[in-house]
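Novice: Quick one: sequence and predicted model below, then my questions.
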Amino acid sequence: MWKRREEDHSQRQATPPTSVELAREGIPMSTIAARNTEPEGARGGALIGKSVVMKGQVYSREDLYIDGEVEGTVELQEHRLTIGPNGKVQAGIKAREVVVIGTVHGNIEAADKIDIRKDAKLVGDIRTSRIVIEDGAYFKGSIDISKTEVSKPAAPAPKPQAAAVTTGTPQQQTLGTGSANPKP
């Protein structure tokens with residue numbers, strides 16, 4: 001009997017308690033919310049923390065969240081790049097989608113969308129198909145909006161036109177005086 005309770009207790013500690021269980025134990029909800037302080041956009045991807053300084057080329061095959069300093073080039077062709085509030089990037093950027101919350105000095109090329117948030121600072125040229133610049137953001141540079149190549153449905157085949165019926169002799173037709181009863 002005692003061993004069974006010990007086994008139950010070890011299984012309970014192996015899985016982290018849910019917020020409902022913690023709330024029942026009297027732990028304030030603000031403490032529970034603080035446990036999930038993962039930055040926006042960092043879920044499911046790589047994270048460059050705020051104490052990290054990188055120089056060179058960054059190439060990623062997954063979403064990337066930069067909250068540190070990066071200098072050089074950043075390339076995520078099919079993924080999302082998020083520059084966090086502490087992020088300072090001096091680089092040329094190529095990604096599918098870019099979200100700027102921090103500071104960027106460099107040109108950005110996004111295949112899908114660029115989102116410049118209210119506290120962001122971006123100095124550089126932008127090339128994208130969609131852009132959002134929130135009120136309060138600082139932006140200096142040029143914007144080149146390029147339409148995305150969307151596969152269009154096949155154009156309907158042109159309808160056959162009826163042959164034009166003309167009267168008169170070929171000479172009258174070229175002179176533009178064709179009539180049903182030509183004068184001699």
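Specialist: Looks like it arrived, so ask away. Numbering: from 1, shown residues only.
Novice: Can you give me the buried ones in the helix or strand where residue 98 lies?
Specialist: Using DSSP states H and E, residue 98 sits within strand 88-100. Going by neighbour count (16 or more other Cβ atoms under 10 Å), the buried part of strand 88-100 is 88-89, 91-95, 97-100. To be clear about C-beta, it is placed using only N, CA and C from the backbone, and glycine gets the same treatment.
Novice: my guess is residue 134 contacts residue 114, does it?
Specialist: No - with contact defined as Cβ atoms under 8 Å, residue 134 does not reach residue 114; the gap is 11.6 Å.
Novice: Specify which residue of those two has the higher count of neighbours.
Specialist: residue 114 (25 against 13; other Cβ atoms under 10 Å).
Novice: Dig out what the nearest residue to residue 55 once chain neighbours are set aside forms beta bridges with.
Specialist: Counting by Cβ to Cβ, 6 or more residues apart in numbering, residue 55 lies nearest to residue 71, which is 4.7 Å off, once chain neighbours are set aside. Here residue 71 sits in beta bridges with residue 55, residue 90, going by DSSP bridges.
Novice: contacting residues around residue 46?
Specialist: 60, 62-65 (Cβ atoms under 8 Å, 6 or more residues apart in numbering).
Novice: same question, residue 95
Specialist: With Cβ under 8 Å, 6+ apart, residue 95 has these contacts: 74-77, 79-81, 108-111.
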